[in-house]
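In: Fold the following for me, if possible:
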Amino acid sequence: MQDNLLLFSNSHTHGMRMFEHARAALSEFLADHHTVYFAPYAGSDYDGYTNTIKTALEPFGVTVIGLHTVSNLQQTLQDAEVLFVGGGNSFRLLKTLEQLEMLAPVRARVTSGELRYMGSSAGTNMSCPTMRTTNDMPIVQPESFNAFNLIPFQINPHYQDPLSNSTHMGETREDRIREFLEENDVPVLGLREGSWLRKRGSQLHLDGLADARLFRRGTEPQEYKPGTDLSWLLTEKATFDQKA
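Out: Numbers count the residues shown, from 1 in each chain. So this is what the prediction gives:
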């Protein structure tokens, strides 16, 4: 068995219904699976968020169950075949995952190939070694920044390019990623809206509606088009600042 990941930059793309931009990818990922367990912990209204996901995934013939409704979470995590971790605030999400003791069991089952993992936005950020490349405000404080560590590099979901006519004088997204690389030697993939990563074991591909931008220490950022094989990123060595 091999690990199986589908990592979206976003679930909503401008002018489209939720996940409309990725129908083919979802159909392939969810094929032959009937139940998706949903982690709504990046939001505050768990029932409302879960109902939104139920509606979005209904065309794919799956039943969506919010993890907040199960009576035995740890047993559910051992039995589940598909886990979807949704977007919202990454700090709130990680703090809840820690409190529910989800990090280790999910990591073990995904890496063994027993559990398929789907993430969007903050959920995609959680697939990385840490959440340090999130865009979110720290509205709560997790015990650490360590996430599921399902891939060996970092992702910046919702990556935005600087606007040429903008009068904003603050840091751009590229500025912030370059600051991260001053302290941490690990690739950061900026996933623009409408793009996603598909991982099957040792194979990793970029797909979707937009190019992705890869940042690495000591080199200029590189652009990659949808359909690009990025499997080599899975063998990159990473060094994180251990003081944080």
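In: Can you list the low-confidence ranges for the chain?
Out: Residue ranges of the chain with pLDDT under 70: 163-164, 166-170, 242-244.
In: In stretch 222-231, which residues are buried?
Out: For stretch 222-231, a neighbour-count test (16 or more other C-beta atoms under 10 Å) marks 224, 230 as buried. C-betas here are computed from N, CA, C, even on glycine.
In: How about the spatially most central residue of the chain, nearest residue that isn't a chain neighbour?
Out: For the chain, Thr124 is the residue whose C-alpha lies nearest the centre (C-alpha atoms, centre = their mean; 0.4 Å). Distances taken as C-beta to C-beta, 6 or more residues apart in numbering put Leu7 closest to Thr124, at 4.3 Å, once the chain neighbours are dropped.
In: and that neighbour, that one's in a strand?
Out: Yes - counting by DSSP: H, G, I helix; E, B strand; the rest coil, Leu7 is part of a strand.
In: if I pick it, what's in contact with it?
Out: Going by C-beta atoms under 8 Å, 6 or more residues apart in numbering, Leu7 touches 118-120, 124, 127, 151, 155, 191, 196-199.
In: repeat that with 6 Å
Out: 119, 124, 127, 196-197 (C-beta atoms under 6 Å, 6 or more residues apart in numbering).
In: Equivalent analysis for Thr134, please.
Out: Taking C-beta under 6 Å, 6+ apart, we find Thr134 in contact with 90, 125.
In: what's the distance between it and Leu26?
Out: Distance, Thr134 to Leu26, by C-beta to C-beta, to the nearest Å: 24 Å.
In: Now do the helices in the chain.
Out: Using DSSP state H, the helices of the chain run over 23-30, 46-57, 73-79, 90-99, 103-111, 122-125, 173-183.
In: Residues in contact with the shortest one: which ones?
Out: It stands for helix 122-125. Taking C-beta under 6 Å, 6+ apart as the rule, helix 122-125 contacts 7, 42, 85-88, 90, 93, 131, 134, 155, 157.
In: does Tyr159 really touch Gly190, like I thought?
Out: Yes - judged on C-beta atoms under 6 Å, Tyr159 makes contact with Gly190 at a distance of 3.1 Å.
In: what residues are shared contacts of those two?
Out: The overlap between the contact sets of Tyr159 and Gly190 (C-beta under 6 Å, 6+ apart) is empty.
In: which one of the helices of the chain lies closest to Tyr37?
Out: Within the helices of the chain, the stretch nearest Tyr37 is helix 73-79; the backing value is 6.4 Å (C-beta to C-beta).
In: Against which helices or strands is the closest one packed?
Out: Packing contacts for helix 73-79, counted by 3 or more C-beta pairs under 6 Å, 6 or more residues apart in numbering; DSSP states H and E, involve no helix or strand.
In: got the buried residues for that helix?
Out: 76-77.
In: Check stretch 212-219 too.
Out: Going by neighbour count (16+ other C-beta under 10 Å), the buried part of stretch 212-219 is 212-216.
In: now those residues in JSON lines, with distance to Ala22?
Out: Putting those into JSON lines (distance: C-beta to C-beta, whole Å) gives the following:
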{"residue": "Ala212", "distance to Ala22": "15"}
{"residue": "Arg213", "distance to Ala22": "19"}
{"residue": "Leu214", "distance to Ala22": "21"}
{"residue": "Phe215", "distance to Ala22": "24"}
{"residue": "Arg216", "distance to Ala22": "27"}
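In: quick one: the strands in this structure?
Out: For the chain, the strands defined by DSSP state E cover 4-8, 35-39, 63-66, 82-85, 116-120, 154-156, 188-191, 195-200, 203-208, 212-215, 222-224.
In: Excluding chain neighbours, what is closest to Leu209?
Out: Gly194 (3.3 Å).
In: ok, the closest residue to Asp185 other than its chain neighbours - how many residues close by?
Out: Leaving out its chain neighbours, the residue that sits closest to Asp185 by C-beta to C-beta, 6+ apart is Thr239, at 4.3 Å. Neighbours of Thr239 under the rule other C-beta atoms under 10 Å: 10.
In: Good, we can wrap up now.
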